[in-house]
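# please work out how this folds:
(one chain, ligands or ions: 2)
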Amino acid sequence: MKLALTIAGSDSGGGAGIQADLKTFSAHGVFGMSVITSVTAQNTKAVIGVEDISPEMVYLQIKAVFEDLPPDAVKIGMVSSASIIRSVAKGLDEFGPEKVVLDPVMISKSGHALLKPDAVEALKRELLPRCLVVTPNIPEAKALTGMSIKGVEDMERAAEKIMSYGCRAVVVKGGHLEGDAVDVFFDGREFHRLKSERIFSRNTHGTGCTFSSAIAANLALGRDLFTAVKLAKEYITGAIKNSMDIGGGAGPVHHFYELYRRAGLNV
Ligand SMILES: Nc1ncnc2c1ncn2[C@@H]1O[C@H](COP(=O)(O)OP(=O)(O)OP(=O)(O)O)[C@@H](O)[C@H]1O
Ligand SMILES: Cc1ncc(CO)c(N)n1
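Ligands and ions are numbered 1, 2, ... in the order given. Down below sits the predicted model:
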């Protein structure tokens, strides 16, 4: 059994954060573990409260996992403050995982800040250089680079700049583009455009979390980075196509669509 760890925030609504990550790992046949950085009171419509876990407790969760269940890959999502970011960086330095996917979560789909504005610098300096791949959406890529990003070419320029902060690859996600959902992959040598048709659905809660944890799951399974990203793009596309119309806002994507279909269950 391969093991994957998510270091992220809890979403009480079950569609994003830790909950999306663990479902994604399970859907890939990978054993999932979690380090909770923050608890959000959240549903499909809004985030109505956020309470951070202490930096010491974040570090202890990392230590507990690595000392007994060393993960084959790690995904990092919401890390809301500079002090939590420092605890995560300390854990990464101490235990040295090779395959780390960083989803630089900043604002929820419903518009709530999940990263304190003064923590963007810490994220850039402390976490980016310790990661194999970072997966910003367009607003996050803008915040990381200060660039204006209007189309796929701008996404490529932003990917180059983000690479200069010290990670080994970047995927700038195109969920916020108009038209096709084109993601840009850059590993310092080659650009690849991963394209899917836009799915017109309001039920896209958790797309970013699901995509980054699918990359981590595929890395844990031993796939090379570009293959892991391509498979994650296919998985998120299917999960959005089969997303659920539950709740009064943006419903969650369907993490188990393929398994349900194979088992003859309704999707
Ligand atoms: N409507 C859509 N149709 C097809 N693909 C989409 C759509 N929305 C997002 N995607 C894809 O989903 C993945 C996640 O991208 P997105 O830009 O939505 O992340 P995000 O904004 O970080 O998500 P979140 O709001 O959960 O943080 C990318 O591969 C993107 O291309
Ligand atoms: C806890 C959490 N992490 C990430 C996201 C993605 O936006 C969210 N909505 N909630």
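# for Asn27, grab the count of nearby residues.
Just so we're on the same page, residue 27 is Ala rather than Asn. When neighbours are defined as other Cβ atoms under 10 Å, Ala27 has 21 of them. All C-beta spots, glycine's among them, are computed from the backbone N, C-alpha and C.
# and it, how far from ligand 1?
15 Å (Cβ to the nearest ligand atom, to the nearest Å).
# and if you look at Val171?
Distance from Val171 to ligand 1, by Cβ to the nearest ligand atom: 8 Å.
# chain center to the helix or strand where that residue lies: distance?
Using DSSP states H and E, Val171 sits in strand 170-172. Computed by Cα atoms, centre = their mean, to the nearest Å, the separation of strand 170-172 from the middle of its chain amounts to 11 Å.
# how about stretch 48-57?
Distance, centroid of stretch 48-57 to centroid of chain: 19 Å (Cα atoms, centre = their mean).
# now do that stretch: everything it contacts.
Here stretch 48-57 makes contact (Cβ atoms under 8 Å, 6 or more residues apart in numbering) with 9, 36-42, 80-81, 83-84, 86-87, 112, 114.
# which other helices and strands contact the strand holding Val171?
Judged by 3 or more Cβ pairs under 8 Å, 6 or more residues apart in numbering; DSSP states H and E, the packing partners of strand 170-172 are strand 133-134, helix 152-163, strand 181-186.
# figure out which of these is closest to Glu258.
strand 181-186 (19.4 Å; Cβ to Cβ).
# which element is Ser10 on?
Per DSSP H and E: strand 3-11 holds Ser10.
# average model confidence for that strand?
Averaged across strand 3-11, the pLDDT comes to 98.
# again, but for stretch 245-265
Averaged across stretch 245-265, pLDDT comes to 96.
# what segments of the stretch 1-150 of the chain are strands?
3-11, 31-42, 47-52, 73-76, 100-102, 133-134 (DSSP state E, counting those that start in this stretch).
# the second one and ligand 2, are they touching?
In this case it means strand 31-42. Yes - residues of strand 31-42 contacting ligand 2 under Cβ under 6 Å from any ligand atom: Thr40, Gln42.
# for the fourth one, same thing?
No - on the criterion Cβ under 6 Å from any ligand atom, strand 73-76 is out of touch with ligand 2, staying 10.9 Å away.
# circling back to that earlier point, would you mind finding the most buried of the helices and strands packed on strand 170-172?
Highest mean neighbour count among these (mean count of other Cβ atoms under 10 Å): strand 133-134, with a mean of 28.
# phi and psi next, for Leu69.
The phi/psi pair for Leu69 (degrees, to the nearest 10) reads phi -130, psi 60.
# can you tell me how far it is from ligand 1?
In terms of Cβ to the nearest ligand atom, Leu69 sits 27 Å off from ligand 1.
# right, and that residue touches Ala4 too?
No - look at Leu69 against Ala4 with Cβ atoms under 8 Å: they stay out of range, at 10.3 Å.
# overlap in contacts, those two.
Joint contacts of Leu69 and Ala4 (Cβ under 8 Å, 6+ apart) are Met33.
# the two: which is more packed in?
Ala4 (29 against 11).
# need the contact list for Ile7.
Each residue near Ile7 by Cβ under 8 Å, 6+ apart is listed here: Ser34, Val35, Thr37, Val58, Ile62, Val74, Lys75, Ile76, Gly77, Val79, Val88.
# same question for Lys233.
Lys233 neighbours (Cβ under 8 Å, 6+ apart): Asp183, Leu194, Ser196, Phe211.
# which of the residues you listed lies closest to Met163?
Using Cβ to Cβ, Asp183 is the member of the contacts of Lys233 that lies nearest Met163, at 15.4 Å.
# what bridges to the closest one?
Under DSSP bridges, the beta-bridge partners of Asp183 are Leu194.
# hmm, which of the contacts of stretch 48-57 are the buried ones?
By neighbour count, with 16 or more other Cβ atoms under 10 Å, these hold 9, 36-40, 42, 80-81, 83-84, 86-87, 114 as buried.
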